[in-house]
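*Asks:* Here you go, sequence then predicted model.
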Amino acid sequence: QVQLQESGPGLVKPSQTLSLSCTVSGGSITTSGTDWSWIRQPPGKGLEWMGAILADGSTYYSPSLKSRTSISRDTSNNQFSLQLSSVTPEDTAMYYCTRGRDYAIDYWGQGTQVTVSS
C-alpha cells in the first residue's frame, strides 16, 4: 500500500514562496511508469493540477503556473517537493500530492491546507 504525506507551513505571507514536501512510503518515486503530482483545490473551487515529476526525474507543469512552480525530488528520502513563488491570497488552497500510474491517479495524500495571508 502506497502512502503519501504532505508537510509544510500552513500559513505563507503574500509574495513569499510556498514550499511543501511529500513523503512517500510503500513504493519508490523512481518506479518506472509512475508519476508524482501536486494538485490543489481552492475553497469553493475545483481541483487544479499544478505539475508532476516522473520516475525518470523529468518534470511537467501547468502552463498557467509554470512561471512560478518548481517540482523537485530527493530520491534518498523518497520525497518530492513543490515550490510556488510569489504567492497571493488566490493561492490559498488545500494542496495534495498524488501518485499516477497508467494515466490515472491511484493514490492521494490526505492534503494540507495552505493559507496565504499577511
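*Replies:* Received, thanks.

*Asks:* Would you map the helices across this protein?
*Replies:* For the chain, helices defined by DSSP state H do not occur.

*Asks:* Could you list the low-pLDDT ranges of it?
*Replies:* Low-confidence segments of the chain, defined by pLDDT under 70, are absent.

*Asks:* That one: strands as residue ranges?
*Replies:* Using DSSP state E, the strands of the chain run over 3-7, 11-12, 18-25, 34-41, 48-54, 59-61, 69-74, 79-84, 93-101, 104-108, 112-116.

*Asks:* Mind putting the ones you listed into CSV with mean neighbour count?
*Replies:* All C-beta atoms are positioned from the backbone trio N, CA, C, and that covers glycine. CSV is the format used below for the strands of the chain (neighbours: other CB atoms under 10 Å):
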stretch, mean neighbour count
strand 3-7, 17
strand 11-12, 16
strand 18-25, 20
strand 34-41, 22
strand 48-54, 18
strand 59-61, 16
strand 69-74, 17
strand 79-84, 20
strand 93-101, 20
strand 104-108, 13
strand 112-116, 17
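
*Asks:* got a list of what G111 touches?
*Replies:* E6, Q41, M94, Y95, Y96 (CB atoms under 8 Å, 6 or more residues apart in numbering).

*Asks:* mind checking how far it is from S62?
*Replies:* 18 Å (CB to CB, to the nearest Å).

*Asks:* quick revisit: now the two most distant members of the contacts of G111.
*Replies:* E6 and Q41 (12.8 Å; CB to CB).

*Asks:* Check the contact lists of those two and give me the overlap.
*Replies:* Y96, G111.

*Asks:* Sweet, I'm off.
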